[in-house]
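[1] Turn this into a model:
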Amino acid sequence: FICDNEEDAVQASSKIVRSIGPDGRKTQYALLEEFIGGEEFAVNLIASPTTPRGVQVTDIWMYHKIQTDGAMVNTYQEML
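    Next up is the predicted model:
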């Protein structure tokens with residue numbers, strides 16, 4: 001769900017908590033996060049003691065999403 005205000009967020013989280021999860025069990029919790037518009041990227045890292053900062057980037061992905069029925073849906077992703 002993408003909510004415009006706190007009341008919408010409370011209603012949406014109530015629907016989630018009353019639903020059955022993908023594993024067939026009753027959902028007990030809902031996680032709410034702030035929606036930030038714009039491009040979305042995923043950066044995958046591995047711990048690497050041989051690099052100066054201790055991590056090494058393995059790959060970077062850009063997600064292409066559309067908004068449908070109040071949710072952002074990933075249509076495809078592109079490795080950069």
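
[2] Run through the bridge partners of Leu45.
    Taking DSSP bridges as the rule, Leu45 bridges to Val57.

[3] For it, list the residues it contacts.
    Val55, Gln56, Val57, Thr58 (Cβ atoms under 8 Å, 6 or more residues apart in numbering). For every residue, glycine as well, the C-beta is placed using N, CA and C.

[4] In a markdown table: the residues you listed, plus neighbour count and pLDDT.
    Converted to a markdown table, these look like this (neighbours: other Cβ atoms under 10 Å; pLDDT from 0 to 100):
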| residue | neighbour count | pLDDT |
| --- | --- | --- |
| Val55 | 13 | 91 |
| Gln56 | 13 | 89 |
| Val57 | 11 | 90 |
| Thr58 | 10 | 93 |
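
[5] how about stretch 36-46: buried residues?
    Within stretch 36-46, no residue counts as buried by 16 or more other Cβ atoms under 10 Å.

[6] same thing with stretch 52-70?
    Going by neighbour count (16+ other Cβ under 10 Å), nothing in stretch 52-70 comes out as buried.

[7] any idea how far that stretch is from the chain center?
    Distance of stretch 52-70 from the chain centroid (Cα atoms, centre = their mean, to the nearest Å) equals 10 Å.

[8] Pull the residues that contact that stretch.
    1-2, 39-48, 72-80.

[9] May I have that stretch as PDB, with CA atoms only?
    The C-alpha atoms that make up stretch 52-70 are tabulated as PDB, following Å, rounded to 0.1, in the frame of the first residue of the first chain:
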ATOM      1  CA  PRO A  52      40.300  -0.600   2.100                       C
ATOM      2  CA  ARG A  53      36.800  -0.200   3.400                       C
ATOM      3  CA  GLY A  54      36.100  -3.800   4.200                       C
ATOM      4  CA  VAL A  55      33.400  -4.300   1.600                       C
ATOM      5  CA  GLN A  56      33.300  -4.900  -2.100                       C
ATOM      6  CA  VAL A  57      30.400  -4.000  -4.500                       C
ATOM      7  CA  THR A  58      29.400  -7.100  -6.400                       C
ATOM      8  CA  ASP A  59      26.600  -5.600  -8.500                       C
ATOM      9  CA  ILE A  60      24.200  -2.700  -8.800                       C
ATOM     10  CA  TRP A  61      20.600  -2.900 -10.000                       C
ATOM     11  CA  MET A  62      18.000  -0.300 -11.000                       C
ATOM     12  CA  TYR A  63      14.400  -1.200 -10.500                       C
ATOM     13  CA  HIS A  64      11.700  -0.100 -13.000                       C
ATOM     14  CA  LYS A  65       8.300   0.200 -11.200                       C
ATOM     15  CA  ILE A  66       4.800   1.300 -12.000                       C
ATOM     16  CA  GLN A  67       2.100   2.300  -9.500                       C
ATOM     17  CA  THR A  68      -1.000   0.100  -9.700                       C
ATOM     18  CA  ASP A  69      -3.900  -0.400  -7.300                       C
ATOM     19  CA  GLY A  70      -2.100   1.700  -4.600                       C
END
